[in-house]
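*Asks:* Just to be clear, the model below is a prediction. Sequence and coordinates:
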Amino acid sequence: MIQRKYIEEIKFWLQKEKIIILKWARQVGKTTLMKKIEQYIQQENLWKTLFLFADKIDNQNIFSTPDNFLNYLKYNYNFPNEYIFVFIDEFQFINNAGTFLKNIFDEYKDRLQIIVSGSSSLEISKNSEFLTGRAIDFYIDRISFREFFIYRHNLTHIPVFEMSQHDELKSFYALFKQKLEHDFISYLTYGWYPEIVVNKENKSKELILSQIIETYIQKDIIHFLKIENIGAFNNLIKLLASNIWNLVNINEISSTLNISVQTVNKYLDILEWTFVFSRISPFFKNIRKELSKMPKIYIEDIWIKNYSLRQFDSITKKIDLWSEVENFVYNELTKQFEKKQIYFYRTVSKAEIDFVIEKSFEKYILIEVKYRNKKIPVPVIMRNFEESYGKHQKIIITKEYLSQEDDLYYIPAVLLPFMKI
């Protein structure tokens, strides 16, 4: 069984007067996680539990009004005389879900706890306006490479290494290097959905992933969010997938797809809030410049790129995995930092630092991806950045070179998920 980090965090909020919301894309394990939490409640307590799927037609009458829902609990679970935990999967399918949950919570928060999941942050955020102060959010990400590797090799005591633990990290790398590098290619090839991690047949993985993405994009995004120009929307996904880590030029996209700038911005917002792509802003001290310059685009799951471009075997055949590794690094950084802390730095001469992490006020981490075997000299742009903004921790992501030189760290990409930056 794949061990997820979220269970203990969620347990802390059980039987507290909060609605628990689990967010992220479909098939990342939200339902399984809720089932595990329900099992824990049943084993540890005598409280009753109820698990409902909001997107099932059979349950539409239950969720048609708060009164219908409360009567359902009354007739089947002796509510409110007995406390109950209610799990609702894909709660954004409930009409006016925010007010629906608010009304129930405000009247019965001491008699029930509601745990919900949702796949569209756009809809969840809209509904969450009514739940301010009433809910606690958890972002349930796809399987990390660390979780993937631990599951693959049935490991139980792999620590998260601090940057200062260089000798321990070096020993870990020497011990598992071959397995790490082999699994890394598999991880980049097939993505990181839980169902794929436990499946060993490549053809089955491709079929399952195709179905996941088709269902997610067609049902959860295009149909549910009522996309008007489906052709342009699908072409935008292909266009972005072929340009991961590149700058996003809205006017150029508008011209290429023959849609308005407003429509491009709308579709980009939808793709970001449904966890398909992410945009990061350039680093500037001048906030007006920061908001006016073009962002860069990254994809949340590399398989969406492979599927959209029909490049199912591209990873194993590519000699240079630089763009895929840079995207991988971005995904790993989002597991340690909020997205609003992650920037890139680009000069007018187009020299660039891949990632600038705003760790705290006036304290930054500079990260450059150089997926090569040998030692790479510190890029001039990093030194120039420090001349303007002072000395900071610097990380160069390599293919297999591991070293530490004062505040400069060379870290193989496969080790990044096992470290706390």
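*Replies:* Received it, and whenever you're ready, just let me know what you need. Numbering: from 1, shown residues only.
*Asks:* quick one: low-confidence parts of the protein?
*Replies:* 1-4, 24-29, 119-130, 191-201, 219-220, 224, 287-292, 311-320 (pLDDT under 70).
*Asks:* change it to 80
*Replies:* Counting by pLDDT under 80, the chain has low-confidence residues at 1-6, 24-30, 44-46, 118-132, 140-143, 189-225, 274, 285-292, 301-304, 306-322.
*Asks:* Identify, by residue count, the longest strand of it.
*Replies:* Longest strand in the chain, counting residues (DSSP state E): strand 352-360.
*Asks:* Mind giving me the packing neighbours of that strand?
*Replies:* If you count contacts as 3 or more C-beta pairs under 8 Å, 6 or more residues apart in numbering; DSSP states H and E, strand 352-360 packs onto helix 322-333, strand 342-346, strand 363-369, helix 380-389. Using the backbone N, CA and C atoms, a C-beta is placed for each residue, glycine as well.
*Asks:* Direction included, what does that strand pair against?
*Replies:* Sheet pairing of strand 352-360 (DSSP bridges) gives strand 342-346 (antiparallel), strand 363-369 (antiparallel).
*Asks:* Report the contact partners of residue 389.
*Replies:* 362, 364 (C-beta atoms under 8 Å, 6 or more residues apart in numbering).
*Asks:* Contact partners for residue 409?
*Replies:* Counting by C-beta under 8 Å, 6+ apart, residue 409 has contacts 163, 393, 394, 395, 396, 403.
*Asks:* Now intersect these with the helices, please.
*Replies:* For the contacts of residue 409, not one is inside helices, with DSSP state H as the criterion.
*Asks:* List only buried entries from those residues.
*Replies:* 163, 393, 394, 395, 396 (16 or more other C-beta atoms under 10 Å).
*Asks:* would JSON lines of those residues with distance to residue 84 be doable?
*Replies:* Shown next, in JSON lines, are those (distance: C-beta to C-beta, whole Å):
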{"residue": "163", "distance to residue 84": "46"}
{"residue": "393", "distance to residue 84": "49"}
{"residue": "394", "distance to residue 84": "53"}
{"residue": "395", "distance to residue 84": "48"}
{"residue": "396", "distance to residue 84": "53"}
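*Asks:* Pick the one among these closest to residue 279.
*Replies:* residue 395 (22.1 Å; C-beta to C-beta).
*Asks:* measure that closest one to residue 329 for me?
*Replies:* When distance is defined by C-beta to C-beta, to the nearest Å, residue 395 is 9 Å away from residue 329.
*Asks:* Spit out the residues that contact those two alike.
*Replies:* Contact with both residue 395 and residue 329 is made by residues residue 367, according to C-beta under 8 Å, 6+ apart.
*Asks:* Look at the residue nearest the centre of the chain and give its secondary structure.
*Replies:* In the chain, the residue lying closest to the centroid (C-alpha atoms, centre = their mean) is residue 141, at 4.2 Å. Three-state call for residue 141 (DSSP: H, G, I helix; E, B strand; the rest coil): coil.
*Asks:* Let me know whether it touches residue 335 as I believe.
*Replies:* Yes - counting by C-beta atoms under 8 Å, residue 335 is a contact partner of residue 141 at 6.4 Å.
*Asks:* relative orientation of the longest helix seen in the chain and helix 322-333 in degrees?
*Replies:* Secondary structure of the chain per DSSP H: the longest helix is helix 166-190. With axes from the mean of the first three to the mean of the last three C-alpha atoms, to 10 degrees applied, the angle from helix 166-190 to helix 322-333 works out at 120 degrees.
*Asks:* Pull out the buried residues from helix 166-190.
*Replies:* Buried, per 16+ other C-beta under 10 Å, within helix 166-190: 169, 172, 173, 176, 180, 183, 184, 186, 187, 188, 189, 190.
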